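J.: Task: produce atomic coordinates for the following.
(chains A and B)
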Amino acid sequence: DAGVIQSPRHEVTEMGQEVTLRCKPISGHDYLFWYRQTMMRGLELLIYFNNNVPIDDSGMPEDRFSAKMPNASFSTLKIQPSEPRDSAVYFCASSRRTVGYTFGSGTRLTVV
Amino acid sequence: GENVGLHLPTLSVQEGDNSIINCAYSNSASDYFIWYKQESGKGPQFIIDIRSNMDKRQGQRVTVLLNKTVKHLSLQIAATQPGDSAVYFCAEILTQGGSEKLVFGKGTKLTVNP
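T.: All right, here's what the predicted structure looks like:
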């Protein structure tokens, strides 16, 4: 298995632009998590899905953030409009219930 | 509330020494804990896990200890190597409405000096 695949690895965008981050979970995993990592706040859970259904989005910072999981093999995290304070590394992770929490390599987002 | 925190933000050891990284948690209902290692530029990598019905679990060169009485976790790394240099996170599984989420502590940076 190729593991959790995230794209792009790096994204530089201008303030106000829309940003879309992508994630392909491990096949057979029914949980998918989006995290944001910054020096100040560490690893924050933004949202997670179970069987493609959003379960808890309480970590999504603002309405500018949205996430979708149209099928079991794909999820997106969108920021519109982006702001400099959104600059961070965004991780996607997937798991089967209680086992196999596996992280992708992350997307480093820089908003200028 | 949900809170997983670390006692020591940085730890520096000599190669060959044993390392101990500590973690406190506040949710007594948590029943599953995981230690992750994160190297620069990479995502967190699973090291070892432990369930609340255990107080110790051993892996290859790593041991996790769980003290539910004081809500404390520790990760012990034997014969620490330069390749062990990384940030280490403890994480707990919180169950809500039949689903689970993984919540991380702040992390401890381990530096292994040759």
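
J.: give me the residue from chain A nearest chain B.
T.: Proximity of chain A to chain B (Cβ to the nearest Cβ) peaks at A:F103, 3.5 Å away. (Each C-beta comes from the backbone N, C-alpha and C, glycine too.)

J.: Which residue comes closest to that residue once chain neighbours are left out?
T.: Leaving aside its sequence neighbours, A:F103 sits nearest to B:G43 (Cβ to Cβ, 6 or more residues apart in numbering or on different chains; 3.5 Å).

J.: which bits of chain B sit near chain A?
T.: Proximity of chain B to chain A (Cβ under 8 Å from any Cβ of the partner chain) is limited to residues B:32, B:34, B:36, B:42-46, B:89, B:91, B:93, B:96-97, B:99-107.

J.: returning to that earlier point: and the gap between the residue of chain A closest to chain B and A:V12?
T.: Distance, A:F103 to A:V12, using Cβ to Cβ, to the nearest Å: 22 Å.

J.: before we move on, what about B:L75?
T.: 36 Å.

J.: next one: B:D55
T.: Taken as Cβ to Cβ, the span from B:D55 to A:V12 is 47 Å.

J.: beta partners of B:S74?
T.: Taking DSSP bridges as the rule, B:S74 bridges to B:N22, B:L65.

J.: which residues sit in contact with A:T38?
T.: Listed by Cβ atoms under 8 Å, 6 or more residues apart in numbering or on different chains, the contact partners of A:T38 are A:44, A:88-89.

J.: Most neighbours of all those, which one?
T.: Ranked by neighbour count (other Cβ atoms under 10 Å in any protein chain shown), the contacts of A:T38 have A:A88 at the top, with 20 neighbours.
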